[in-house]
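**Q** predicted model, plus sequence, below.
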Amino acid sequence: MKNYESYTMVDFIQDEDFRDWVQGHKSRETFWMAFTELYPEKKDMLRQAEHLIRAAHVNPERITEKEIRSEVELFIERATTGHSQAEIIEEKHQLEKKLYWYNILRWGLSAAAMVLVAVGVNWYLHAPNEISPGVAAENKVGPNMVLTSNDTEKPLRILLVDSSEVILNPKSRLSYPAQFSDSARVVYLVGEASFSVKRQGQPFMVYTGEVVTRVLGTRFVIRAFDLDKKITVQVQTGKVSVYVAKPEQVPNKKEVNGLIITANQEAVFEKSINQLSKTVVANPLKLIKEKPLDVFKYEEVPLPEILGELEKTYGIPVQFDFENFQSCKITATLSNESLYEKLDVLCKAVAASYEIVDGQIVLSGKGCR
Amino acid sequence: MKARLTSEESRKLWQDYQSGDMYALANIMQSYYSDLFHWGLRLHGEREFIKDCIQDMFVQLWKAQDSANSVENVRSYLLVMLKTRILRELSKKHVTHQSILTDEYSFSVEFAADLRLIEEEHEIYQIRKLEGVLNHLSDRQKELIYLRFYQSLSFEQIAEVMYLSRQSVYNLLQKSLGSLRKHYDIQSR
């Protein structure tokens, strides 16, 4: 217990509790409110000490969290690479550009986040184990970031603060903020992981090297593979959008160049040419599972009708000339064949061919007359 | 203002840094950055220069990680380190600058009274008057007041940061209160 009766001005100045109270940090509120009743002879001194602390207030400097973050990231880069001053200045410049880009990206995405309808989401991500050091430094660290590496032989379960679950595979690293920001939930992955994302207002985004995947829809699987040259993202059902986070291409408009990937489509990012394109997954899965029998028996059914059913079943748009193929009647039984096998059967029957263009199936042929 | 690290939290981080955890040091940098930046600008008003000094200081700390000392108070330790670095860099930059161990270095701070929740005219008048007096104190006196109230240091830590003995700090405070008393009825005991 402090001896307040003999308290001097200097004691007040030294007293943490008292200063906190004056500065509005609320510690021991009731005590100091009652102080003058307990020690009436100290009333004037208490008031003077309070005035002094108030008068000695200094405004904070204007420095943004972003500036601080970029300084800390620069430190980590210097500490890990041991680069020289000149290199650092150049790197710092690049870093600022990256952060600028990153912020534009976030701005754009949070603006678009209104339409988010994610429920329970499962996906796989499999990104290159090696990404360039600059990108790695940007991706791994930030304010209050938690870095988890799985150096064990078994998958590791991580529960994020928003209750989303991540299964991190061996030799993989995930970094994520201890607290998600209000605008977006952003995590960084190197390696492979599966995610179950909790439905929430803010979008959920995964950064893998130069590619950003953002959850837009409901249920899907993403894979990114080919360790060296490619990153690919595949969707089972629902929607994601995929962006290239390339610092050199800072756009002066708010529009972000990206792809919306829906069921059974995949985005391919070719690192060497820096290009993102859309195609169809190698083995499309049926979206509709509730059919009692997976056997489709067709007797004299117009081809467009079958193609329409396939489109619905796999969620992949099928383009064809309706007039041309309307008169083609198909009699066939389709069951466990893959989508491509089915297409082969159908094409053979009507002497047509198909190709995959921009994530869609395009059927062409003379048709049946 | 966001919550500062408690001294236990920062001591723990410091120990982690000593045992080779770079992220612990980065965390310390992150947590103390705005206070260090504020402190640096009081000694020299060039933002980029102060940022460089803070940056170099942490890189230096990391390089010297093997020989890092145990630290009683992380905040005051960092404030001393930064001050020494800034004054040394300044003396390199300007040949005319005094040696760092003299008390010739400048310290600029603008006290701006906190009048939140004060309604009485009379009280506002008194606080404003005190603010004026504080702004006319010597650089060393202002530094003391600043370190106590803005950086929340104890007198012992202030002595360390100001390169003074504890007794000198106490004397300096008494002298400051004396100046205040001339213009405003401050009781000393």
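**A** Good, I have the coordinates.

**Q** ok, the residue nearest to the spatial centre of chain B to B:K175 distance?
**A** For chain B, the residue sitting closest to the mean C-alpha position, by C-alpha atoms, centre = their mean, is B:L147 at 4.5 Å. Distance from B:L147 to B:K175, counting by C-beta to C-beta, to the nearest Å: 16 Å. Using the backbone N, CA and C atoms, a C-beta is placed for each residue, glycine as well.

**Q** what do you get for B:N73?
**A** Counting by C-beta to C-beta - B:N73 and B:K175 are separated by 25 Å.

**Q** more neighbours: those two, which one.
**A** B:N73 (18 against 15; other C-beta atoms under 10 Å in any protein chain shown).

**Q** okay, now the domains of the chain?
**A** No chain specified, so I'll use chain A. Following automatic domain parsing, one finds the domains of chain A at A:4-55, A:80-280, A:296-365.

**Q** wrong chain, I was asking about chain B
**A** Using automatic domain parsing, chain B is parsed into the domains B:7-93, B:121-183.

**Q** how about JSON lines for the ones you listed, with distance to A:E323 added?
**A** JSON lines is the format used below for the domains of chain B (distance: least, C-beta to C-beta, whole Å):
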{"stretch": "domain B:7-93", "distance to A:E323": "65"}
{"stretch": "domain B:121-183", "distance to A:E323": "80"}
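
**Q** who wins for proximity to chain A among these?
**A** Comparing those against chain A with C-beta to the nearest C-beta, the closest turns out to be domain B:121-183 (3.7 Å).

**Q** how about the closest one, does it reach chain A?
**A** Yes: applying C-beta under 8 Å from any C-beta of the partner chain, one finds domain B:121-183 touching chain A at B:123, B:126-128, B:130-131, B:133-134, B:145-146, B:148-150, B:152, B:154-155, B:170, B:173-174, B:177, B:180.

**Q** in helices, which of those residues fall?
**A** Of the residues of domain B:121-183 next to chain A, the ones assigned to helices by DSSP state H are B:123, B:126-128, B:130-131, B:133-134, B:145-146, B:148-149, B:155, B:170, B:173-174, B:177, B:180.

**Q** neighbours of residue 30, just the number please.
**A** I went with chain A, as the question did not name one. When neighbours are counted by other C-beta under 10 Å, A:T30 registers 7.

**Q** hmm, I had chain B in mind actually
**A** B:Q30 - counted by other C-beta under 10 Å - has 23 other residues nearby.

**Q** backbone dihedrals for it, please?
**A** Backbone torsions for B:Q30, taken as degrees, to the nearest 10, come to phi -60, psi -50.

**Q** pLDDT score for it?
**A** Note on B:Q30: pLDDT of 89.

**Q** kindly report the same for A:Q85.
**A** Confidence score, pLDDT, at A:Q85: 52.

**Q** sorry, back to before: hey, least reliable of the domains of chain A by pLDDT?
**A** Across the domains of chain A, domain A:80-280 has the smallest mean pLDDT, namely a mean of 63.

**Q** now do that one: distance from first to last residue.
**A** Domain A:80-280 has an end-to-end distance of 41 Å (C-alpha to C-alpha, to the nearest Å).

**Q** and the helices in chain A, which stretches?
**A** When assigned using DSSP H, the helices of chain A occupy the ranges A:9-14, A:16-22, A:29-38, A:43-55, A:65-81, A:85-112, A:133-140, A:303-314, A:322-325, A:339-350.

**Q** per-residue confidence for A:R369?
**A** Per-residue pLDDT puts A:R369 at 70.

**Q** now the nearest residue to it once chain neighbours are set aside: how far from A:T333?
**A** Counting by C-beta to C-beta, 6 or more residues apart in numbering or on different chains, A:S327 is the residue found nearest to A:R369 once chain neighbours are left out, at 6.4 Å. For A:S327, the distance to A:T333 equals 22 Å [C-beta to C-beta].

**Q** quick one: which of the two has more around it?
**A** For A:S327 and A:T333, the more surrounded residue by other C-beta under 10 Å is A:S327, and the numbers stand at 13 against 10.

**Q** right, and the more buried one touches A:C368 too?
**A** Yes: A:S327 is within contact range of A:C368, at 4.8 Å (criterion: C-beta atoms under 8 Å).

**Q** which residues touch A:P304?
**A** Shown in contact with A:P304 (C-beta atoms under 8 Å, 6 or more residues apart in numbering or on different chains): A:F320, A:F322, A:F325, A:Q326.

**Q** okay, now the third one: neighbour count?
**A** Per other C-beta under 10 Å, the neighbour tally for A:F325 reads 24.

**Q** buried ones among the residues of domain B:121-183 next to chain A?
**A** Buried by 16 or more other C-beta atoms under 10 Å in any protein chain shown: B:126-127, B:130-131, B:133-134, B:145-146, B:148-150, B:152, B:154-155, B:170, B:173, B:177, B:180, out of the residues of domain B:121-183 next to chain A.

**Q** A:K286 contacts A:T313, doesn't it?
**A** Yes: counting by C-beta under 8 Å, A:K286 touches A:T313, with 5.2 Å between them.

**Q** more neighbours, the two?
**A** Just comparing A:K286 and A:T313: by other C-beta under 10 Å the higher neighbour count belongs to A:T313, 21 against 17.

**Q** please work out how many residues are found near A:N144.
**A** By other C-beta under 10 Å, 12 other residues sit near A:N144.

**Q** so who does A:L259 touch?
**A** Contacts for A:L259 (C-beta under 8 Å, 6+ apart) come out as A:S241, A:V242, A:A267, A:L276, A:S277, A:K278.

**Q** return the distance of B:Q167 relative to B:K63.
**A** Separation of B:Q167 from B:K63 (C-beta to C-beta) stands at 36 Å.

**Q** swap that for B:Y77, please
**A** The spacing between B:Y77 and B:K63, counted by C-beta to C-beta, is 17 Å.

**Q** who has more neighbours out of those two?
**A** Legend: neighbour count by other C-beta under 10 Å for B:Y77 and B:K63, higher for B:Y77 (18 against 12).

**Q** chain neighbours aside, what residue packs nearest to that one?
**A** Leaving out its chain neighbours, the residue that sits closest to B:Y77 by C-beta to C-beta, 6+ apart is B:V71, at 4.6 Å.
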